[in-house]
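have a look at this fold, sequence not included:
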Ligand SMILES: [Zn+2]
């Protein structure tokens, strides 16, 4: 007689299968919240195209920020740059709610000092230094984040 405990049939193969399944399906934490954020962003972008539904687009964008804040999730910088921080307007080029220009305030007119200015209808201006590093990529666009 052996001293080892008796195991039911197939018990040795079960952990292996479970590990394979775990590796195949990587679960995303807060998946439902990300889906909600994605829906709200897409709805805001869709509604911003029509001038009669601009107010609804602003409400959607505002709720997207509120959901992200409540569930402590980071919005992508690309998403954050398309929504005004003050009035929650969708800042797309074709929406007419944003004025975009490149400003260079250096005395030598150095191209490295080029700054992209996006001015919303409400008066808020956001400035992005585009001249310093032309090949600059956001952390979300880098290959490490996927
Ligand atoms: Zn604004």
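Looks like it came in fine. Keep in mind it's a predicted model, so treat the numbers as computed, not measured. Numbers count the residues shown, from 1 in each chain.

CA only for contacts and neighbour counts going forward, please
Noted.

list the contacts for the residue nearest to the spatial centre of the chain?
Nearest residue to the geometric centre of the chain (C-alpha atoms, centre = their mean): residue 76, 2.4 Å. Applying C-alpha atoms under 8 Å, 6 or more residues apart in numbering, one finds that residue 76 lies in contact with residue 140.

for residue 116, which three-state class applies?
Secondary structure for residue 116, judged by DSSP: H, G, I helix; E, B strand; the rest coil, is strand.

got it, and the one 10 residues further on?
Following three-state DSSP, the label given to residue 126 is strand.

my read: it touches residue 115, true?
No. Taking contacts as C-alpha atoms under 8 Å, residue 126 lies outside contact range of residue 115: 9.8 Å.

out of those two, which sits in the busier spot?
For residue 126 against residue 115, the residue with the higher neighbour count under other C-alpha atoms under 10 Å is residue 115, and the figures read 19 against 15.

run through the bridge partners of the more buried one.
Taking DSSP bridges as the rule, residue 115 bridges to residue 103, residue 129.

I'd like the numbering to begin with 122 instead of 1 from here.
OK, 122 is where the count begins now, so the last one is residue 236.

how near is residue 151 to residue 186?
From residue 151 across to residue 186, the span is 15 Å (C-alpha to C-alpha, to the nearest Å).
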